[in-house]
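Student: Show me the folded form of this:
(one chain, ligands or ions: 2)
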Amino acid sequence: MANPLYDRLFAQHTGKATSFLRLADGSEITHAEFLATAARYAHVLTDAGLSAGDRLAAQVQKSPQALALYAACVQAGIVFLPLNTAYTVEELTYFIENSGAKLVVCDAGRQAALMPVAAQHEARLETLNADGTGSLPDLARAKPGTFDTVPRSEDDLAAFLYTSGTTGRSKGAMLTQGNLLSNAETLAEYWRFTASDVLLHALPIFHTHGLFVATNITLVAGGSMIFLPKFDLDQIIALMPQATTMMGVPTFYTRLLDDPRFTRDLAAHMRLFVSGSAPLLAETHSQFETRTGHRILERYGMTETNMNTSNPYDGDRRAGTVGFPLPGVQLKVSDPATGKALPDGEVGQIEVRGPNVFKGYWQMPEKTAAELRPDGFFITGDLGRIDADGYLHIVGRNKDLIISGGYNIYPKEIELVLDAQPGVAESAVIGVPHPDFGETVVGVLVQAPGHSADLDAIAHAAGRSLARFKHPRKLIILDALPRNTMGKVQKNLLRDRFKDLFARAEAP
Ligand code: MLC
Ligand code: AMP
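Tutor: Numbers count the residues shown, from 1 in each chain. Ligands and ions are numbered 1, 2, ... in the order given. Next up, the predicted model:
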């Protein structure tokens, strides 16, 4: 019986002594070793009582073992729910509760804090640390290195990725085997990945970009990855001559350009640089070409849809555009008020349909219905226009969202925390330009009459509830928030007023 995702990504490498992962210390893990670890983990998971369709929530540091946990879930038909390592216990509690995870895997450092949460939701808890130790690998040691793959169909769920929303509540995007597989196959071909590719992998593996785009494509093509725990400029520069491809968020590319060691020679061996998850400035694109001779290939995607569009591999990679719809993906730009398709050249909301589009939000039928049309088109919340040559330009967002260093931050979630603080009457959270992260978070507060807000205490409270990357980098007190005649806060006026707060010369 088949398990399409496991068969295509992993089973094809069974027994291969070829290198799959190269680590920063120079050691290598073969496909066969990797698959044996995954099979052992799959035994641990099923012995713990998990079966096909159950959820496993993992907040673990990036490591070969963490990736093997993903493979184990695919092989056993378990829905993999990877979580940002920056999330606080408060944030994790929601994900565990909402997903109904049967097993939580976390770093030993988080075990004490998460044990009561897991217990309260009748989930088991195992540990997996950055160095590959922990109770999960301990249990796995005695297990066989092969596992009978659990049959699945393309329509079965493979992963949940949580994405926040404009109401401040995170939604679990349900991704099927077919969603992941179709996109990996399309991209591997579109970007010409082969078994000789070596991908410099410095992205986190709890998001679409690092897990599904980078890793799944490499697996489909049979290539290998230089697998780094995080983006470390020195490591990237040292290892780039051994790689052929890299995928990154724009911050990767601006950081490289800021370093004089990043030269044409250093990038000479590279075949392809891909950028996505946030807008790449046209200026970065052209500086990169001047420095290295490479034109960065920019593509556009999101958690719910995987990748939607890409600049061409062979044709003109145009700065400031995200290229054309991928094969199999239909895209339209529609009028937000009527939903009707607009002629090319006009700005409207971007909608996409295809085998890449998710199944819906976990246990949130109204939210699914609001964004996923009955005819299969998903309303992305991004605003764009298609130019005369068919290239898509993303010109803005129809959703209140900040993208900082490739991480999505929903202002509402932060406003709820700020509004609850003593002395705060109301708040507005905005994104302002930042030289390193593209955008960063600023909180604007209005004090309650007769009260004064303690900014240090507020920053402390935010630290307890929210992951570090969501913290306002600056809190500003105003007498009142600008509002339109309907009473709606005019965030555009605030963004404009504070746009130079982090201008390059004063960047922290
Ligand atoms: C880290 N920090 C951030 C941050 N990353 N703050 C805001 N935004 C971020 N993205 C915090 C750290 O906790 C630290 O806090 C301080 O900022 C400086 O940290 P740093 O050492 O400079 O950051 P670093 O660890 O180097 O991380 C920056 C980064 C990383 C850009 C390399 O954020 C990253 O890898 N981003 C990629 C995100 C990604 O994969 N997105 C894909 C989503 S999928 P302090 O104060 O404690 O020092 C998706 C779909 C699609 O969007 O289309 O792909
Ligand atoms: P996420 O929900 O984390 O998957 O983020 C998806 C969002 O990132 C999209 O809806 C876009 O707003 C943004 N995004 C992804 N790729 C690009 C890109 N190349 N240019 C501009 N925005 C992008």
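Student: Looking at the protein, which residue is nearest ligand 1?
Tutor: Taking Cβ to the nearest ligand atom as the measure, the chain has residue 405 as its residue closest to ligand 1, at 2.4 Å. For the C-beta atoms, the positions are set from N, CA and C on the backbone; glycine is no exception.
Student: Now that residue: closest residue in space, sequence neighbours ignored.
Tutor: Spatially, and ignoring its direct neighbours in sequence, residue 405 is nearest to residue 437 (4.1 Å; Cβ to Cβ, 6 or more residues apart in numbering).
Student: now residue 224
Tutor: residue 19 (4.9 Å).
Student: tell me the strands in the stretch 1-150 of the chain, going along the chain?
Tutor: Here the stretch 1-150 of the chain has its strands, by DSSP state E, counting those that start in this stretch, at 19-23, 28-30, 55-59, 79-82, 103-106, 124-127.
Student: Which among those strands is found nearest to residue 354?
Tutor: Nearest of these to residue 354, taken as Cβ to Cβ: strand 79-82 at 21.6 Å.
Student: Sticking with residue 218, tell me its helix or strand.
Tutor: Element membership for residue 218 (DSSP states H and E) is helix 216-221.
Student: That helix and ligand 1 in contact?
Tutor: No - Helix 216-221 stays clear of ligand 1 (Cβ under 6 Å from any ligand atom), getting no nearer than 12.5 Å.
Student: how much distance is there from that helix to the middle of the chain?
Tutor: 18 Å (Cα atoms, centre = their mean, to the nearest Å).
Student: returning to that earlier point: okay if I get the strands of the stretch 1-150 of the chain as JSON lines plus mean neighbour count?
Tutor: Listed next are the strands of the stretch 1-150 of the chain as JSON lines, based on neighbours: other Cβ atoms under 10 Å:
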{"stretch": "strand 19-23", "mean neighbour count": "19"}
{"stretch": "strand 28-30", "mean neighbour count": "16"}
{"stretch": "strand 55-59", "mean neighbour count": "26"}
{"stretch": "strand 79-82", "mean neighbour count": "24"}
{"stretch": "strand 103-106", "mean neighbour count": "26"}
{"stretch": "strand 124-127", "mean neighbour count": "20"}
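Student: TSV please, covering those and showing distance to ligand 1 and mean pLDDT.
Tutor: Converted to TSV, the strands of the stretch 1-150 of the chain look like this (distance: least, Cβ to the nearest ligand atom, whole Å; pLDDT from 0 to 100):
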stretch	distance to ligand 1	mean pLDDT
strand 19-23	18	98
strand 28-30	22	98
strand 55-59	15	98
strand 79-82	11	98
strand 103-106	18	98
strand 124-127	22	98
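Student: can you redo those strands as CSV with distance to ligand 2?
Tutor: As requested, the strands of the stretch 1-150 of the chain are exported to CSV (distance: least, Cβ to the nearest ligand atom, whole Å):
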stretch, distance to ligand 2
strand 19-23, 25
strand 28-30, 28
strand 55-59, 17
strand 79-82, 13
strand 103-106, 22
strand 124-127, 27
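Student: mind putting those in TSV, distance to residue 296 included?
Tutor: Formatted as TSV, those follow (distance: least, Cβ to Cβ, whole Å):
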stretch	distance to residue 296
strand 19-23	24
strand 28-30	28
strand 55-59	31
strand 79-82	26
strand 103-106	35
strand 124-127	39
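Student: and the stretch 101-250 of the chain, which of its residues are near ligand 1?
Tutor: Counting by Cβ under 6 Å from any ligand atom, the stretch 101-250 of the chain sits next to ligand 1 at 203-204, 207-210, 230-231, 249.
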